[in-house]
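In: Next comes the sequence, and after it the predicted model I'd like to discuss.
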Amino acid sequence: MPDVRTFACLAFLLTGCLVGDPTPLDPGADPAPQDPSPDPQDPPPTGTASVRITATTTTKGGQFAPANVVAVWIEDSAGTFVKTIDRWSAVRTQYLLEWNTAAGPGDVDSVSGASRTNHTTPLSIQWKLKGADQVEVPDGTYTIRMESTESNATSPADCNEATFTFVKGAAPQSQTGLSNGGFTNVSIDFTP
């Protein structure tokens, strides 16, 4: 039966392998091949297009105020759910009624953190223009939907709900000073 020193030695060797120790186990082994430099004729990488959204939530005076839960998601021009782009809720997610209807139960696409403790800290969100399938969405008109609640909501009237639209296309777009459905100081900046 191996003794404690044997296990300690094996653990030390395995730790080096797991944390990326650059020393190969076989000193005579060839180093790993390096990635070749990109071909100058290759197009530059894409993926810089995005939408940045900032917004401030407001209170409805719910039982947990000023603590609140929030979800922000995207729908296409037909009203079809595209992707949850941010959600602040750890335990009261089921009370985001419209978001649950749109995304379906169990959507864990994007979670920024636990329930928010106030309305003074603005939301700051960035969407890389990809759907839940991680494929970039086509050009067109998209709706940003926002929902928040400070209570164990039983109807949409218990929640703040807002919608804003932008057009994904060749031209950048900036909208500022928007307010709707309990969300204020909303800015939407689209970069193609």
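Out: Everything's here; your move.

In: Would you map the helices across the protein?
Out: With DSSP state H, the ranges of helices along the chain come out as 4-18, 97-103.

In: what about the closest residue to residue 151 other than its chain neighbours, how many neighbours?
Out: Nearest in space to residue 151, with sequence neighbours left out and distances taken as C-beta to C-beta, 6 or more residues apart in numbering, is residue 62 at 3.2 Å. Every residue, glycine included, has its C-beta placed from N, CA and C. Residue 62: 19 surrounding residues under other C-beta atoms under 10 Å.

In: Mean pLDDT lowest where, among the helices of the chain?
Out: Lowest mean pLDDT within these: helix 4-18, a mean of 42.

In: hmm, back to that, quick check: phi and psi at the residue nearest to residue 151.
Out: Backbone geometry at residue 62, expressed as degrees, to the nearest 10, gives phi -70, psi 170.

In: Could you report the distance from it to residue 162?
Out: Residue 62 sits 17 Å away from residue 162, going by C-beta to C-beta, to the nearest Å.

In: got it, and residue 143?
Out: Plainly put, residue 143 is 10 Å away from residue 162 if you go by C-beta to C-beta.

In: What of residue 75?
Out: 13 Å.

In: okay but the residue nearest to residue 151 is in contact with residue 149, surely?
Out: Yes: the pair residue 62 / residue 149 is scored as a contact, 6.3 Å apart, by C-beta atoms under 8 Å.
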